[in-house]
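*Asks:* I would like the atomic coordinates for the input below:
(chains A, B and C)
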Amino acid sequence: MQIKVENNKAWFLVLPVFLIVAFSAIIPLMTVVNYSVQDIFDPYTRYFVGTEWFKQVMLDSRLHEALLRQFLYSFTILAIEVPLGICVALMMPTKGRGASLALILVAIPLLIPWNVVGTIWQIFGRADIGLFGAFMSSIGVDYNYASDPTDAWLTVVLMDVWHWTPLIALLCYSGLRAIPEVYYQAARIDQASRWAVFRYIQLPKLTNVLIIGVLLRFMDSFMIYTEPFVLTGGGPGSSTTFLSQSLVQQAIGQFDLGPAAAFSLVYFLIILLVCWVFYTTIMNMQKDK
Amino acid sequence: MTQSSTKPIEHAYKVTKEQAPVYSRAERKIRNANLRGRFGLALYIVLLLLPIYWLVNMSFKTNTEILSGLSFFPENFTLANYAKIFGDPTWYMGYVNSIFYVSMNMVISLLVALPAAYAFSRYKFIGDKHMFFWLLSNRMAPPAVFLLPFFQLYSSVGLFDTHIAVALAHCLFNVPLAVWILEGFMSGVPREIDETAYIDGYSFPKFFVRIFIPLIRSGIGVTAFFCFMFSWVELLLARTLTSVDAKPIAAIMTRTVSASGMDWGLLAAAGVLTILPGMLVIYFVRNHVAKGFALGRV
Amino acid sequence: MAWMSWTLPTALFFIGIAVILVGMTTWQIISPCVERRGFLPLATTRGDRLFIGLLSSAFIHLAFVALTDVNIAVATVLCAFWMVILMRWG
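*Replies:* Numbering: from 1, shown residues only, chains lettered A, B, ... in the order given. A predicted model of the protein is given here:
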């Protein structure tokens, strides 16, 4: 870390960012807070209801289920994506033409619009026109993501793993490339086992990028909307309805502005808490170095 | 002279060569591990590309062929699906709209993020850490939370259904990300360079444009790539803030559902076309993208 | 501004937050604060403690609303005490 000079004029450099983000963040946030304490029929017919919506939202069993599903989902995909991503990163070549090619190919899923990701899996998983669905039924599994909750879960998780493992892999790959060759040579002279090399040379270097990766993945999976919306529409039943999905259903579908706003705020507070915990951890780790 | 100096080297070379058998088992092990690694990677990439291949495959088929059974290659190879997209302005304007607001967002994000990232990487100021955290928390905020107020905010300032509205809305998560990545890259540039330039009589703007920006070129490229990526893939906000004039291709795609059922071939073709720009862009930054994914922090 | 549906309590809330932020900035300019360690398991500055206090207050309020029928003002008073403790000894 470099030594920084104290200078409050630096605020002028930050001001444009502050203004542009504040416009899109603070005004809507204020509006959400305003909505959350009122019963709104239209801008001119509204009643102050105090904390009623918050109570309703906090005690709503559908939302508890959505929150539970959300956590379960986020932890499942992290448990799969992180180890898999590390493995892929370890296998990627570090030099030459192959390295660039592997990099580009691995990164492709990240650049597909999220609803197209949903579409791809919607097609891929169907037993009549999709390869994966057809494969599953040909090995005798009664697979239908549109009607069976387990299959729907499987497909949504598989889709996320397909979509986002590359992010973890690329993060780890860049972490691995930062390890000087000397370390490996020393390990070779010591005849260190592959596992020892990973455990004592590679993994310590990876912690930093892995924290970023876990943070990004946790947050992004926590607000996942588009992919499951296209793939399953939250169904069958509400087995793949995650937080964002139930929020949008409430705000746009039923036009319950007040409860939706209260829900948004609770959601936002949870995100803020998790975000702060992660951020503090990262910063303290960098300080320790 | 030359002969005498090469001799010891030759000798040393011989010694290592003689010692080589001691390492050979370990070396063979490493080579085997590498081979296994290549095989594993190839398998992973094949599995990764299979769903995409399936989409490409489908986009060249007619609907009757799609529904009549599975095949790895289109039997009646057709470009009709693509022809339909390129022949219909309501379709291809979606791409133009998307590219338009994505580029706008990229430019805005970079312009405001560059000075801010410099400030964060070089100076301490009141509330700097909290400001940084606040920015990041916006990157993490679910768009669904802001959906309705966004719609009303942009309607009330008369920007609804314009490209700039989507570009500005995407700034919510792209500007913090851009600041984060650029700050990482800038912290890698020693501040002695700044000081030398100031001593040489450079003013701040001149130094920034002439010296500093060229130094972090790759960082800027990577940041632009990330802004492109996250703006390009986002649909929820883009769809909410547009209706006709600025509607992104991703939203237009939903039109393939009609009374007569899904037009799978057309849907697949539209999907394939949304993947292409991303591949093009990643090709340009392929050498720096790994570092960029670590947000400049390795 | 009509679409923002302002109400008096929320307006007061945001004015309160703004006043706190301005106050903290002025305080920081007059007497800069040093990072220190209190009963919290990490070194914090004044601003950090304020943030922790506000966030935890929000959750305390939510818990009150969800779990009890007690007037929300009770939670607010409780949070005020909590804020003082946190700012002084946190």
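
*Asks:* for C:Phe39, what are its contacts?
*Replies:* By CB atoms under 8 Å, 6 or more residues apart in numbering or on different chains, the residues touching C:Phe39 are C:89-90. Placement of C-beta: from N, CA and C, glycine included.

*Asks:* which phi and psi does it have?
*Replies:* Phi and psi for C:Phe39, reported as degrees, to the nearest 10, are phi -80, psi -10.

*Asks:* the helix or strand hosting B:Glu27: what's the following helix or strand?
*Replies:* Element membership for B:Glu27, per DSSP states H and E: helix B:2-59. Past helix B:2-59, further along toward the C-terminus, the next helix or strand under DSSP H and E is helix B:63-68.

*Asks:* and the contacts of that next one?
*Replies:* Taking CB under 8 Å, 6+ apart as the rule, helix B:63-68 contacts A:128-129, B:58, B:71, B:74-76, B:263-265.

*Asks:* which phi and psi does the closest residue to chain C within chain A have?
*Replies:* Of all residues in chain A, A:Met58 sits closest to chain C, at 3.4 Å by CB to the nearest CB. Reported as degrees, to the nearest 10, the phi and psi values for A:Met58 are phi -70, psi -20.

*Asks:* show me the shaky parts of the stretch 1-150 of chain A.
*Replies:* Applying pLDDT under 70 to the stretch 1-150 of chain A picks out residues A:1-3, A:43.

*Asks:* which residue ranges of it form helices?
*Replies:* Applying DSSP state H, counting those that start in this stretch to the stretch 1-150 of chain A gives helices spanning A:10-36, A:52-59, A:61-91, A:96-107, A:114-124, A:131-138, A:149-177.

*Asks:* related to what we said a few turns ago, just the buried residues from the contacts of helix B:63-68, in PyMOL please.
*Replies:* Here is the PyMOL command that selects the buried residues among the contacts of helix B:63-68 (16 or more other CB atoms under 10 Å in any protein chain shown):
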select buried, (chain A and resi 129) or (chain B and resi 58+74+263+264+265)
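
*Asks:* from the contacts of helix B:63-68, which is closest to A:Ile252?
*Replies:* Set against A:Ile252, the nearest of the contacts of helix B:63-68 by CB to CB is B:Asp263 (25.7 Å).

*Asks:* would you mind measuring from that closest one to chain A?
*Replies:* From B:Asp263 across to chain A, the span is 12 Å (CB to the nearest CB, to the nearest Å).

*Asks:* mind pulling up the pLDDT for that residue?
*Replies:* B:Asp263 is assigned 80 on the pLDDT scale.

*Asks:* try B:Glu10
*Replies:* In this prediction B:Glu10 is given a pLDDT of 45.

*Asks:* pLDDT weak spots in chain C?
*Replies:* C:1.

*Asks:* the helices in it, which residues?
*Replies:* C:8-30, C:46-67, C:72-89 (DSSP state H).

*Asks:* redo those as a markdown table? Include mean neighbour count.
*Replies:* Formatted as a markdown table, the helices of chain C follow (neighbours: other CB atoms under 10 Å in any protein chain shown):
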| stretch | mean neighbour count |
| --- | --- |
| helix C:8-30 | 12 |
| helix C:46-67 | 17 |
| helix C:72-89 | 14 |
